[in-house]
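Colleague: make a model of this:
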Amino acid sequence: MDDTARETSRGRLRRTTALLSLAYLVFVIVWRAVVWFADEWWPATVLVFAPGWWLLLPAAVLVPAAALVCRRSLGPLLLAVVLAGAATHFSFPVSALSRSPDGFRVRLLTCNMHYTENLDPVALNQLLDETRPDVVLLQEWKHPNPSGALVLPNGDWHTHQTEQVRSETLESLADKFVLASRFPIRRTAVLGRYSMSPQGAVIRYELETAAGPVTVFNVHLATPRDGLQAVLRAGGDGPAKVQAGSDVRREQSAGVAQAAGTARPVLIAGDLNTPPQSARFRREWNGYTDAFSSAGWGWGHTFFTRNAAVRVDHILTGPGWRCDRCWVGPDVGSPHRPVLADLVWSPSDGR
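Modeller: Residues are numbered from 1 along each chain as shown. Predicted coordinates for the structure are as follows:
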């Protein structure tokens with residue numbers, strides 16, 4: 001091949017790379033705009049529950065190509081990668097950039113145990129022994145006695161669990177919640193027993209701590225599973241089911257937020273079945289800080305299937321709390337992963 005032919009071929013490759021890079025940037029911008037309306041518009045809801053990692057796959061090919069033949073395309077590609085990270089809610093620990101305030105500290109762990117069907121008690125107990133949380137909140141626990149599969153680290157523990165009863169109207173079992181706390185439990189109130197009910201499955205605890213009473217909510221909201229599966233089957237009722245599920249979770253979230261009221265200090269944790277990209281997540285939990293978004297690193301996926309992973313388990317903190325660190329724990333035999341957070345109560349810090 002002579003020099004002219006080579007230059008022609010190289011020019012064609014350069015133009016193709018530039019066009020594909022711009023097309024990728026436009027695609028990511030459109031994707032980001034669409035998922036902004038998750039839980040308001042059913043296609044956007046489906047997208048936030050779909051695998052997000054593939055959104056970055058084109059960059060794995062285009063970035064090396066641009067570096068070789070079209071370096072001016074690296075700028076649009078970098079912007080596309082940043083927007084793709086935002087669209088899939090990749091988190092940076094921004095709280096690590098500032099000094100941690102003085103105050104009352106607590107480590108909280110939450111996990112949906114999925115009725116402990118495949119519980120790995122060794123992995124769960126090892127996690128508890130290594131991380132030594134102060135408060136443990138479990139949803140969908142099945143064992144009649146938590147100590148039968150839950151070995152708490154040394155210390156004086158206070159525990160509470162709810163009964164698992166069946167609803168005739170919802171044709172489902174009530175969530176069985178477990179609380180294990182190093183702090184005395186002053187009060188408990190069951191605000192809802194069934195995750196698919198208008199109230200959701202919600203328990204409010206009041207713990208006696210060195211900082212005074214702390215209100216903690218253990219939460220499990222409605223699953224989007226039926227609607228998403230109907231869409232995948234191309235069922236005609238799929239879109240309606242997806243939107244109905246979003247509406248139920250909005251009502252449930254609003255109810256929990258109202259129950260929390262102006263309580264301070266307040267913590268809300270559990271399986272909200274809502275990704276952080278959701279428009280309704282932003283609206284209903286506007287007065288709270290998502291621990292992983294402020295102090296976690298990466299995507300923080302907490303629920304895994306064979307084809308997808310999504311972050312639906314959260315730790316939310318009310319005003320006055322600072323999260324120093326938040327991370328996702330290992331597999332303990334549930335499709336949900338534990339979420340842990342190191343929290344500091346420092347109301348004078350102005351957060």
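
Colleague: separation between residue 320 and residue 10?
Modeller: Residue 320 is 60 Å from residue 10, where distance means Cβ to Cβ, to the nearest Å. Every residue, glycine included, has its C-beta placed from N, CA and C.

Colleague: give me the more crowded residue out of these two.
Modeller: The residue with more neighbours, out of residue 320 and residue 10, is residue 320; 18 against 13, by other Cβ atoms under 10 Å.

Colleague: and stretch 281-297, end to end?
Modeller: Distance between the boundary residues of stretch 281-297 (Cα to Cα, to the nearest Å) amounts to 20 Å.

Colleague: which residues of the stretch 1-150 of the chain fall in strands?
Modeller: Taking DSSP state E, counting those that start in this stretch to define them, one finds strands in the stretch 1-150 of the chain at 104-112, 135-139.

Colleague: pLDDT weak spots in the stretch 1-150 of the chain?
Modeller: 1-8, 143-149 (pLDDT under 70).

Colleague: element containing residue 342, please.
Modeller: Assigned by DSSP states H and E, residue 342 belongs to strand 339-345.

Colleague: my error: substitute residue 247 in the last question.
Modeller: helix 238-260.

Colleague: now the residue nearest to residue 297 when sequence neighbours are not counted: how far from residue 71?
Modeller: Nearest non-adjacent residue to residue 297, counting by Cβ to Cβ, 6 or more residues apart in numbering: residue 93, 5.4 Å away. Distance, residue 93 to residue 71, by Cβ to Cβ: 31 Å.

Colleague: quick check: which of the strands of the stretch 1-150 of the chain is buried the most?
Modeller: The highest mean neighbour count among the strands of the stretch 1-150 of the chain, using mean count of other Cβ atoms under 10 Å, belongs to strand 135-139: a mean of 26.

Colleague: got the angle for it vs strand 104-112?
Modeller: Relative orientation of strand 135-139 versus strand 104-112 (axes from the mean of the first three to the mean of the last three Cα atoms, to 10 degrees): 20 degrees.

Colleague: other SSEs contacting the very next helix or strand once past strand 135-139?
Modeller: Per DSSP H and E, the first helix or strand lying C-terminal to strand 135-139 is strand 158-161. With contacts taken as 3 or more Cβ pairs under 8 Å, 6 or more residues apart in numbering; DSSP states H and E, strand 158-161 sits against strand 178-181, strand 185-193.
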